[in-house]
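Asker: next come a sequence and a model predicted from it.
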Amino acid sequence: MAQSRQRSESRPASSRDQSVERGKGGELHQTAQGETPVLTTALGTPVSDDQNTLKIGERGPSLIEDFHFRDKIFHFDHERIPERVVHARGYGAHGYFETYESLAKYTRADIFQRAGEKTPVFVRFSTVAGNKGSFDLARDVRGFAVKLYTKEGNWDLVGNNIPVFFIQDAIKFPDLIHAAKQEPDSDFPQAQTAHDNFWDFISLMPESMHMIMWIMSDRAIPRSFRFMQGFGVHTFRFVNADDESTFVKFIWKPKLGMQSVVWNEAVKINGADPDFHRRDLWEAIQSGNFPEWELTVQLFDQDFADSFDFDVLDATKIIPEEILKPIPVGRLVLDRMPDNFFADTEQVAFMTQNVPPGIDFSNDPLLQGRNFSYLDTQLKRLGSPNFTHLPINAPKCPFAHFQQDGHMAMRNPVGRANYEPNSWGVGPREDPLRGFRSFADAEQGQKVRLRAESFADHYSQARLFFNSQTPPEQRHIAMALTFELSKVQTPAIRERMVSHLLNIDEALATTVADKLGIRKMPSPAAAAVPPRDDLEPSPALSIIENGPESFRGRKVGVLVSDGVDAALFEHVRSAIETEGAVMEVVAAKIGGASAADGTHIEAKHMIDGGPSVLFDAVVLMLSEPGAELLAKEAAAKDFVSDAFAHCKFIGFTAGAEPLLAKAGVDADADEGLIRLDSQEAAEEFVQACRKLRLWAREAAVKL
Ligand code: HDE
């Protein structure tokens, strides 16, 4: 009696008295009455008690015959699969790609044949160096991997948010990644390149200098996945129905424009919200603000390739947009989060060699190495050659082949014929016309391990990138280099890096050397090819030059206190929402605040949990007594001083001045501080925010 009472008490009420229906796949569904389905083992046996293992007596030994316990714990013990060696931390979403116009002239890829064609896609964004549980705002390249489920097979465009790479030949990839990840003896630092091994390797690899300029720039600390460009990096080929090839480089451009954070802010975001980028994508999609990118292509022929200053097969080089204009060919919309993170985002298997007929490779040695590597990775990680049977990896077009068996085979060929040729007259056959035909490029040469001389110029495009940045962006690069190299313990490595910087920009090298306290300037590194100084800057490379001039998709943190003007609060909300931005309320208490007229204002964050680093701009909507109370709290002072230091626009009510003063911010410091006393002022504030940051302030705050 006692035993049965104990069991029923410890069982959740919801598991009692259900009536359920069985679905097609045998799974149990909720009944029409909305009652809870019965819990079962993985094999469908209904479970009577999920709180206690099977024992002899209440306090007796457990029985190995408890198959429900065994089933449950066995599965739990096997829940983890190896994380990706690189790009372990990522976040994905579903959506579609819509083709603008037929590109039949250039490619026979089915996806580019019909204007308006919609192709389902899955995109996974990632950092590279950090482990799966690392924070989102590491200084790092971001993966931008797109799987397009075309009608002629999956096309994986496995790119990054930076158009160049560290190395030219795939054989150096393991060295690069070993050097970048945690040092093998200490197993730190996590998700950062600011350590000796990384800079030791880099300083011995001049080919990495162009990429170094990019990862030391603001591109490596994006504000959101939604505000990043994406690049296929390598030169690919389009091949048309007449087997003619055109070289192509792929660039994704965010409709909301680019935006990054500043380093001091990134460090704080990682503490305040390690999932900052994930949350941003989740919230945008869940609220119906679907992020969008335009796919553009740079198309060129062999003559262009021959006349271009650099080798188009060298993944450490770009073709500046001013020299070869990218043509928009379609748009990517992300409109659905996966129902389950593991099923899709963790199990998705991208492979550069997944190309449909009409898209082909160039001889870029990095791309060729990748085409070889990714299949291995997927087998290791997903554990069976049948990883293509997983719904996220399976094509969405008809497919037929004779592959069979292996671990977890879910789609074996049906019937007798599992080989070809066969005389049974059944089974799929090759199609020389529709099938994938490699571009028949004429190749000849000796078998050698050599780097082409046309790959030898390592500094000119690094210089081009640096010269194309605005002064604040150039400052950020100098600060990033100084920060990273300050974490390097070995002076010789720091000096070696400065010797490379001398080949890129003398002022940059001098600033970094000075900030590192290097007394004797090293000589410039020996350059295989003298760096050029005749390359025209490319304004397209600057984030600030190409600002969206809109505050759409951004977020304002409004710090409120009791006693504020409810009408003004509503004006601010309406101005923000009209712009297509989002407002979140921060208050001293999570219960919110009461406006002067008694209206309740709900808060999303308590001040300690809602620092200003989480927002693109802030409003201090405070009554004077409210500001005086908040001025006693460190978190409120940081809210203001950080927003100011990070060059954000700050709207404030007259009552907020005591808090501004306590935070050390002069209310009249610059035009980024905007008094909010009317509906018009609220609108002006939001218009000012379209600049995103007031970079002119940066020199004054000296972060
Ligand atoms: Fe990758 N890369 N990579 N990579 N890469 C992987 O594949 C590799 C490179 C990129 O969200 C791995 O599934 C080699 C360049 C992205 O799932 C692995 C080389 C670019 C992702 C691998 C490169 C990338 C990966 C690890 C040098 C930008 C994440 C897990 C030749 C164009 C995809 C996995 C996702 C992932 C190998 C260089 C982009 C180990 C050998 C260049 C976005 O197979």
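Answerer: Done, it's in.

Asker: beta partners for the most centrally placed residue in the chain?
Answerer: Centre of the chain computed as the mean C-alpha position; nearest residue by CA atoms, centre = their mean is Phe125, 3.3 Å away. Under DSSP bridges, the beta-bridge partners of Phe125 are Tyr91, Phe144.

Asker: Lys118 too?
Answerer: Beta-bridge partners of Lys118, counted by DSSP bridges, are Glu98.

Asker: just give me the neighbour total for it.
Answerer: The burial metric for Lys118, expressed as a neighbour count using other CB atoms under 10 Å, is 14. The way it works is simple: take the backbone N, C-alpha and C, and place the C-beta from them, glycine included.

Asker: Leu481 is in contact with Val512, correct?
Answerer: Yes: with contacts counted by CB atoms under 8 Å, Val512 reaches Leu481, the gap being 4.9 Å.

Asker: domains of this protein?
Answerer: Per automatic domain parsing, the domain ranges recorded for the chain read 2-77, 90-389, 468-544, 551-701.

Asker: circling back: and for Val512 and Leu481, which residues touch both?
Answerer: The overlap between the contact sets of Val512 and Leu481 (CB atoms under 8 Å, 6 or more residues apart in numbering) consists of Met497, Leu501.

Asker: looking at the protein, what residue ends up closest to the ligand?
Answerer: Closest approach between the chain and the ligand, counting by CB to the nearest ligand atom: Gly143, at 2.8 Å.

Asker: ok so, going back, now the domains of the chain as a markdown table including mean pLDDT?
Answerer: Conversion of the domains of the chain to a markdown table gives the following (pLDDT from 0 to 100):
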| stretch | mean pLDDT |
| --- | --- |
| domain 2-77 | 73 |
| domain 90-389 | 98 |
| domain 468-544 | 98 |
| domain 551-701 | 97 |
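
Asker: need the longest helix for the protein.
Answerer: Longest helix in the chain by number of residues (criterion: DSSP state H): helix 365-382.

Asker: helices or strands up against that one?
Answerer: strand 359-361 (3 or more CB pairs under 8 Å, 6 or more residues apart in numbering; DSSP states H and E).

Asker: how about the helices in the stretch 301-450 of the chain?
Answerer: Listed in chain order, the helices of the stretch 301-450 of the chain (DSSP state H, counting those that start in this stretch) span residues 302-307, 341, 365-382.

Asker: could those be laid out in CSV, adding distance to Ala661 and mean neighbour count?
Answerer: Formatted as CSV, the entries for these read as follows, by distance: least, CB to CB, whole Å; neighbours: other CB atoms under 10 Å:
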stretch, distance to Ala661, mean neighbour count
helix 302-307, 60, 11
helix 341, 46, 14
helix 365-382, 55, 17
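
Asker: which stretch among the ones you listed comes nearest Ala315?
Answerer: Shortest separation from Ala315 across the helices of the stretch 301-450 of the chain is recorded for helix 365-382, at 4.4 Å, computed as CB to CB.

Asker: redo the helices of the stretch 301-450 of the chain as CSV? Include distance to Ala663.
Answerer: Putting the helices of the stretch 301-450 of the chain into CSV (distance: least, CB to CB, whole Å) gives the following:
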stretch, distance to Ala663
helix 302-307, 55
helix 341, 39
helix 365-382, 48
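
Asker: pretty sure Lys648 belongs to a strand, no?
Answerer: No: the secondary structure assignment for Lys648 gives coil rather than a strand, going by DSSP: H, G, I helix; E, B strand; the rest coil.

Asker: can you report how many residues neighbour it?
Answerer: Per other CB under 10 Å, the neighbour tally for Lys648 reads 24.

Asker: write out the residues of this structure neighbouring the ligand.
Answerer: The chain comes close to the ligand at residues 84-87, 90, 124, 126, 143, 145, 158-160, 165, 170, 173, 233, 315, 348, 350, 366, 369-370, 373-374, 377, as judged by CB under 6 Å from any ligand atom.

Asker: can I get the buried part of those residues as one ChimeraX selection?
Answerer: Entered in ChimeraX, the line below selects the buried ones among those, by 16 or more other CB atoms under 10 Å:
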select :84,86,87,90,124,126,143,145,158,159,160,165,170,173,233,315,348,350,366,369,370,373,374,377
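
Asker: ok, Thr510 - contacts?
Answerer: Thr510 sits next to Met521 when contact means CB under 8 Å, 6+ apart.

Asker: how close does it get to Glu473?
Answerer: 18 Å (CB to CB, to the nearest Å).

Asker: again, but for Gly358
Answerer: Going from Gly358 to Glu473 by CB to CB gives 38 Å.

Asker: looking at the two now, which is surrounded by more residues?
Answerer: Each of Gly358 and Glu473 has its neighbours counted (other CB under 10 Å); Gly358 has more, 25 against 20.

Asker: now the residue lying closest to the more buried one once chain neighbours are set aside, what are its backbone angles?
Answerer: Excluding the flanking residues, the one nearest Gly358 by CB to CB, 6 or more residues apart in numbering is Ala109, at 3.1 Å. Summarising the backbone geometry of Ala109 under the convention degrees, to the nearest 10, its torsions are phi -60, psi 130.

Asker: you'd agree Ala109 is up against Val329?
Answerer: No: counting by CB under 8 Å, Ala109 sits too far from Val329 to count as a contact (10.7 Å).

Asker: what touches both of the two?
Answerer: With CB under 8 Å, 6+ apart applied, the overlap between the contact sets of Ala109 and Val329 consists of Leu103.

Asker: which of these two has more neighbours?
Answerer: When Ala109 is set against Val329 and neighbours are counted by other CB under 10 Å, the residue ahead is Ala109, at 25 against 22.

Asker: where's the more buried one relative to Asp534, distance?
Answerer: Computed as CB to CB, the Ala109 to Asp534 distance reads 38 Å.

Asker: swap in Glu321?
Answerer: With distances taken as CB to CB, Glu321 is found 18 Å from Asp534.

Asker: before we move on, what about Arg675?
Answerer: Per CB to CB, Arg675 is found 49 Å from Asp534.

Asker: quick check: chain neighbours aside, which residue is closest to Val426?
Answerer: Excluding the flanking residues, the one nearest Val426 by CB to CB, 6+ apart is Ala417, at 4.7 Å.

Asker: test my guess that that neighbour contacts Ser423.
Answerer: No: in this structure, Ala417 is not within contact of Ser423 by CB under 8 Å, at 9.4 Å.

Asker: the two - which one has more neighbours?
Answerer: The neighbour comparison of Ala417 against Ser423 (other CB under 10 Å) goes to Ala417, with 16 against 6.

Asker: which ones are touching that one?
Answerer: Counting by CB under 8 Å, 6+ apart, Ala417 touches Phe402, Trp424, Val426, Gly427.

Asker: now do the phi/psi pair for it.
Answerer: According to degrees, to the nearest 10, Ala417 has phi -80, psi 110.

Asker: what's the pLDDT at it?
Answerer: Residue-level confidence at Ala417 comes out at 92, pLDDT.

Asker: break down the stretch 551-700 of the chain into its strands, ranges please.
Answerer: Using DSSP state E, counting those that start in this stretch, the strands assigned to the stretch 551-700 of the chain run over residues 555-560, 582-587, 593-594, 600-601, 605-606, 617-621, 650-652, 673-675.

Asker: looking at these, which is buried most?
Answerer: Sort these by mean neighbour count, taking mean count of other CB atoms under 10 Å, and strand 617-621 sits at the top with a mean of 29.
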